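Engineer: I need the structure of the sequence given here:
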Amino acid sequence: AMSESSDEEEWPVSSEWLEHVLSEYHGSASTVEDFRLAQKESALSDILSVVVRYRPSPDEDVLTRALVLKLLPRDPFSRFFVTEAQFDLREIKFYTKVAPDLHDFQKEYLPEGEEPIVLPIPKCYHARYSGADESPMESVLVLENLKFCGFDVMEFARGLSLDQAKSALAAVAKLHALSLVMKVKEGTPLDKKYPFLFQTARATDSYQQLVERGLPQLAQFLETRPGHTAVMEALATLKNDTKELISSLLAPHEPVALITHTDFWCNNLLFKDDNSCRILDWQMVTYSRPTNDVALLIVSSVPTELRRRHSETLLDHYWEHFTAYTKKLTVDVEADLGYTKQNLSDDYRRSQLLALLLCIGSVDVALGDPVTEQRLLDLLQDLHDDGILSKDIL
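Structural biologist: Okay, the predicted model is just below:
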């Protein structure tokens, strides 16, 4: 719930500031009639919601727009954590550089009259970044607030429906396909083109810290649950190898090294009643392999019964969309790159271990609710039975 904020002086939001942002966005002199502010904090940014009524240009009618402002956390510890790992910079670069590039490069390869593939993300109205060595340090991102046009987050405890999971995978397949085709056509590795992407070594360090914090919490939880000795032993064996596992599973893997979201779980997704999906929170965007996103979604956000019955269905659905999008831009993943559905299945198998390690890194999200605790136990048991809780999987 958003609280009405009384300390507006602390925030960079005024009519003048909004007029500047909107004028720049529309390319004309916008005038703000009025605006309302509400505030909400999350770990990686302070988030403001603004509803603004304004005229895009002097002779146009008044529009109402709902915006989200993402700012650096005011809490000093969170602020250091964010700026140190460059989460804010990475997300700003995604919206201002990667997304426009992925949209624009398609023109050359689309058949006459075909519409471009549109990334399923909110519109970006404004972004401003000045690094830690500049003063004042600034990091501001202004996005459309999709909650005002019928989108909503699904509860983690309930998990996604089959249709929502399919829709989410088809949505992320657009990012994967576009970044893969751009890499193939331009012949440039994307981590060279976009040095701000979360590099394997850096990302590994961040995730390893989380896993080291999460593993003891998980072990403590498992001790209170009878019948999980085998799982506990398997995890204990993995303990010394988690850094190496994370590093080798995160590393980009040709021929399908491409841009991944890397934090692809239901809390970063919005759905409408018709199950259409939008993807948020691009702070962890990485040069990696596509099955990491697919596995994290299925492992973290799909309830046990659906996951057991439909993982194959979901992989097929993802593959169908991924390959159709690349073909639309004249790249055939199988014929041109020699990467098959079987390769995808093999990579998915390995990616499930990375997904589990990332879940362990945020295990507190699952603990404390009997529903999500049971989902976690089911997952651990299934992955153990499948032989995935082992470094031999590499």
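
Engineer: next secondary structure after the helix or strand of the chain with the lowest mean pLDDT?
Structural biologist: When the helices and strands of the chain are compared on mean pLDDT, DSSP states H and E, strand 3-4 comes out lowest with a mean of 44. Helices and strands here follow DSSP states H and E; after strand 3-4, the next one along the chain is helix 15-26.

Engineer: now for the helix or strand just after that next one, which elements pack on it?
Structural biologist: Once the chain leaves helix 15-26, the next helix or strand it forms, by DSSP H and E, is strand 31-41. Helices and strands touching strand 31-41, by 3 or more C-beta pairs under 8 Å, 6 or more residues apart in numbering; DSSP states H and E, are strand 3-4, helix 15-26, strand 46-55. Bear in mind the C-beta positions are built from the backbone N, C-alpha and C, glycine included.

Engineer: out of those, deepest packed?
Structural biologist: Mean neighbour counts were compared across these using mean count of other C-beta atoms under 10 Å; the top stretch is strand 46-55, at a mean of 19.

Engineer: what strands line up against that one, and which way round?
Structural biologist: The sheet places strand 46-55 alongside strand 31-41 (antiparallel), strand 63-71 (antiparallel), with pairing taken from DSSP bridges.

Engineer: and the helix or strand that the last one is followed by, how far out from the chain's middle?
Structural biologist: What that stands for is strand 63-71. Later in the chain than strand 63-71, the nearest helix or strand by DSSP H and E is helix 76-84. With C-alpha atoms, centre = their mean, to the nearest Å as the basis, the distance from the averaged C-alpha position of helix 76-84 to the chain average is 20 Å.

Engineer: how about the helix or strand that comes right after helix 76-84: buried residues?
Structural biologist: Next helix or strand after helix 76-84 toward the C-terminus (DSSP H and E): helix 87-93. In terms of neighbour count (16 or more other C-beta atoms under 10 Å), helix 87-93 has its buried residues at 87, 88, 89, 90, 91, 92, 93.

Engineer: quick one on the thing from earlier: now mean pLDDT and distance to residue 286 too, for the strands paired with strand 46-55, in TSV please.
Structural biologist: Putting the strands paired with strand 46-55 into TSV (pLDDT from 0 to 100; distance: least, C-beta to C-beta, whole Å) gives the following:
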stretch	mean pLDDT	distance to residue 286
strand 31-41	90	25
strand 63-71	95	19
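
Engineer: among these, which comes closest to residue 202?
Structural biologist: Proximity to residue 202 (C-beta to C-beta) singles out strand 63-71 among those, at 21.0 Å.

Engineer: from the buried residues of helix 87-93, which is closest to residue 248?
Structural biologist: Using C-beta to C-beta as the measure, the one of these that approaches residue 248 most closely is residue 90, at 22.0 Å.

Engineer: returning to what we had before: give me whichever of the strands paired with strand 46-55 is most buried.
Structural biologist: Per-stretch averages of neighbours, counted by mean count of other C-beta under 10 Å, single out strand 63-71 among the strands paired with strand 46-55, with a mean of 19.

Engineer: distance from it to the middle of the chain?
Structural biologist: Between the centre of strand 63-71 and the centre of its chain there are 20 Å (C-alpha atoms, centre = their mean).

Engineer: same question, stretch 41-61
Structural biologist: 23 Å.

Engineer: over to stretch 30-39?
Structural biologist: For stretch 30-39, the gap between its own C-alpha mean and the chain's C-alpha mean amounts to 29 Å (C-alpha atoms, centre = their mean).
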